[in-house]
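> Model the following, please.
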Amino acid sequence: MQPFILATIALGICLAGTLWRIGRWFWSDIGPESLSLPTKRRMRAARQTLWRVFSGRRLFKVVGAFQWEVLLLGHLLRRHPLRWAAHMLIGYGLLTLILFHALDDWITPLVFSDYEPTLNPFRWLRNLLGALVLMGVLATVVRHFRQAGEAFRTPGDRLLLVLIVVVVLSGVLLESARILSPAVFDAMVEDYMGDDDPEAVAALQAYWAAEFGAWRARSGTGFSGEQIKTGASIHETFCAACHDRPQSAFLSYPLSRLMKPLMAVAGDHRLNQWLWNVHFWATCLALACLPFSKLFHFIATPISIMVRAAGPAAAHPALQPVRRALALDACTHCGMCSQHCSVAPIYKVLGNPNILPAEKLKGIKRFQTHRKQSLPKATLVEGSFICTLCGRCTQWCPSGIDLQDLWQASRKDMIQSGAAPLRRRSAPPLQTALVPPAPASLGLSDRPETFWACVQCTTCTSVCPVVAVSEDPQRDLGLTPQQIMNLMRLQLKEQAMDSRMLWDCVTCYKCQEHCPQDVKVADVLYELRNEAWHRGARSDQRAANQPPHGSSF
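A predicted model of the protein is given here:
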């Protein structure tokens, strides 16, 4: 197959796959309200929202988010420097290689009028970009093993990662072979100086063998100093405008020294052609696989971040299903939401991976694909209804996904599909399994200095998701976190332990993280709950051991 035809087919598959995945955002049915929203209405809402954003003040927020969050990946830099480095190295390394190497006939001369692939700094930069991509892949693999396989889980994701490595390494090897190649030297001589003067050609070959490391396939004898000096003069006349010494290619040139035996065995032209075929076919295959792999988030995640930056202007009801479908594609499965999930300890007790947000997203995606044909799995239903909607996953998500909205919408979809809400397992009792056999007091609540810094600013109450979902906190909870801290500050521990807030607290730690005085609010609530439970357990045990009223021994 002709290279141009193969490249056109690969590019067509890439564009068609990209358009198909973007189109799925507009005809998805995530959330019960989406079933009554036709695609045309969603497209019209998207146009109206874009007009409001780009004609108002929110444009500055979107542009700022594009610069900081999309171009510089500031959201990753703040929270996970290793992931930030891997994304920057792979993303910008590949993008620059595509623009200024793969498309160098169309793009590079427009930017650099003196461009030649064998001149510096272009040859050096090409090696540098290849090295950056390989470093990014290495960082990704390291993170993959450190986080128990969160980086690239599916075979398609691993295939694309392997193809990227093959593309870079085959490109480096191809350049190494061309540094050595007598056929490349002969073609250059024929095109630019002719081969009518064998002595001049021999002198130039001597200079290239001595200074450029070119391989002499035809003669095993050495060169004289006079011959090399003559070759240098010929090089300045015919070659210097397009060729610099290849030693600056810090990846390719050392490999070319090691490839001399292989060049002698495989043959000059055959080795070059074989490496070129591997490089070209791997590039086309990677391009065709891109929209169907995890790396599609390089497109979906920037859009998700800018949509979040647009704020309420992009919250049109008709666009909610679109934003949810976009969120499923924008997820990178980095596992950061699972690391900060407030109900992650329940996963250690029940062993249901769908309790963790990253795993639950995959289940929701599969359920939405087959929603009309089958019910959701029982493990997905259990994981969805155990979630407390505390918002920590949304707060920590580096891709700008509103995970709380996804959980709420998927819950409604499950109920509408006939799935029953969560029922408590009979054994072991969940609450009993989660409460450790700790002493009656762990020390925080009994030390007055724990509460000295509390200024009763009500920040802990304002950020509490349990208070936020309560219509009447005084009736439903008894006391708010701020009121409990006030009672503890006054050393009224017994009154604080009577509050339902201790048992309704989801231990999301938002109160503690937002406290301006660094009071250990969540730790105190958890300690009070432990102590109350142990007191109740001992009381039940004493009651069980006491004889019935009126009996005698």
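> measure the residue nearest to P291 when sequence neighbours are not counted to R24 for me?
Of all residues not flanking P291 in the chain, G17 sits nearest, at 3.0 Å (CB to CB, 6 or more residues apart in numbering). Any C-beta I mention is one placed from the backbone N, CA and C, and that applies to glycine too. According to CB to CB, to the nearest Å, G17 stands 11 Å off from R24.
> ditto for C341
C341 is 27 Å from R24, where distance means CB to CB.
> sorry, back to before: please identify the helix or strand for the residue nearest to P291.
Here G17 sits within helix 3-27, counting by DSSP states H and E.
> Mind checking which of C341 and R24 has more residues around it?
Set C341 next to R24 and count neighbours by other CB atoms under 10 Å: C341 wins out with 24 against 16.
> Identify the residues contacting that one.
Listed by CB atoms under 8 Å, 6 or more residues apart in numbering, the contact set of C341 reads 355-357, 392-393.
> Spatially central residue (nearest the centroid) of the protein, please.
By CA atoms, centre = their mean, the chain has its centre lying nearest to T332, at 3.8 Å.
> Okay, domains of this protein per the record?
For the chain, the structural domains run 3-178+276-298, 179-275, 335-430, 440-544, going by automatic domain parsing.
> a markdown table for the ones you listed, including mean pLDDT?
What follows is those, written out as a markdown table (pLDDT from 0 to 100):
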| stretch | mean pLDDT |
| --- | --- |
| domain 3-178+276-298 | 84 |
| domain 179-275 | 81 |
| domain 335-430 | 78 |
| domain 440-544 | 82 |
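> Grab the nearest non-local neighbour of L328.
In this structure, L328 finds its nearest non-sequential neighbour in K365, 5.0 Å apart by CB to CB, 6+ apart.
> any idea which element that neighbour lies in?
helix 357-369.
> Just the buried positions in that helix, please.
Under the neighbour-count criterion of 16 or more other CB atoms under 10 Å, helix 357-369 has 357-365, 367-368 buried.
> Report the angle between it and helix 3-27.
For helix 357-369 against helix 3-27, the angle by axes from the mean of the first three to the mean of the last three CA atoms, to 10 degrees is 90 degrees.
> now helix 357-369: how far from the chain's centre is it?
A distance of 17 Å separates the centroid of the chain from that of helix 357-369, by CA atoms, centre = their mean, to the nearest Å.
> packing partners for it?
Helices and strands touching helix 357-369, by 3 or more CB pairs under 8 Å, 6 or more residues apart in numbering; DSSP states H and E, are helix 320-330, helix 336-339, helix 378-386, helix 403-416.
> Taking their axis directions, it and helix 403-416 sit at what angle?
Helix 357-369 runs at 40 degrees relative to helix 403-416, counting by the same axes, to 10 degrees.
> Could I have the CA atoms of helix 357-369 written out in CSV?
Extracted in CSV, the C-alpha atoms of helix 357-369 (Å, rounded to 0.1, in the frame of the first residue of the first chain):
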residue,chain,number,x,y,z
PRO,A,357,-15.2,6.6,42.6
ALA,A,358,-12.7,5.7,39.8
GLU,A,359,-14.0,2.1,39.6
LYS,A,360,-17.6,3.3,39.9
LEU,A,361,-17.2,5.6,36.9
LYS,A,362,-16.3,2.6,34.7
GLY,A,363,-19.3,0.8,35.9
ILE,A,364,-21.6,3.7,35.2
LYS,A,365,-20.1,4.0,31.7
ARG,A,366,-20.9,0.3,31.0
PHE,A,367,-24.4,0.7,32.5
GLN,A,368,-25.2,3.7,30.3
THR,A,369,-24.0,1.8,27.2
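> can you map out the helices along the stretch 201-350 of the chain?
Using DSSP state H, counting those that start in this stretch, the helices of the stretch 201-350 of the chain run over 225-238, 252-258, 260-266, 268-289, 297-310, 320-330, 336-339, 344-350.
> Using a markdown table, lay out these together with distance to D504.
Listed next are the helices of the stretch 201-350 of the chain as a markdown table, based on distance: least, CB to CB, whole Å:
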| stretch | distance to D504 |
| --- | --- |
| helix 225-238 | 82 |
| helix 252-258 | 64 |
| helix 260-266 | 70 |
| helix 268-289 | 48 |
| helix 297-310 | 29 |
| helix 320-330 | 28 |
| helix 336-339 | 23 |
| helix 344-350 | 16 |
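> For P38, which of those helices is the nearest?
Smallest distance to P38 across those (CB to CB): 11.1 Å, for helix 320-330.
> what angle sits between the closest one and helix 357-369?
Note on geometry: by the same axes, to 10 degrees, helix 320-330 and helix 357-369 are set 120 degrees apart in direction.
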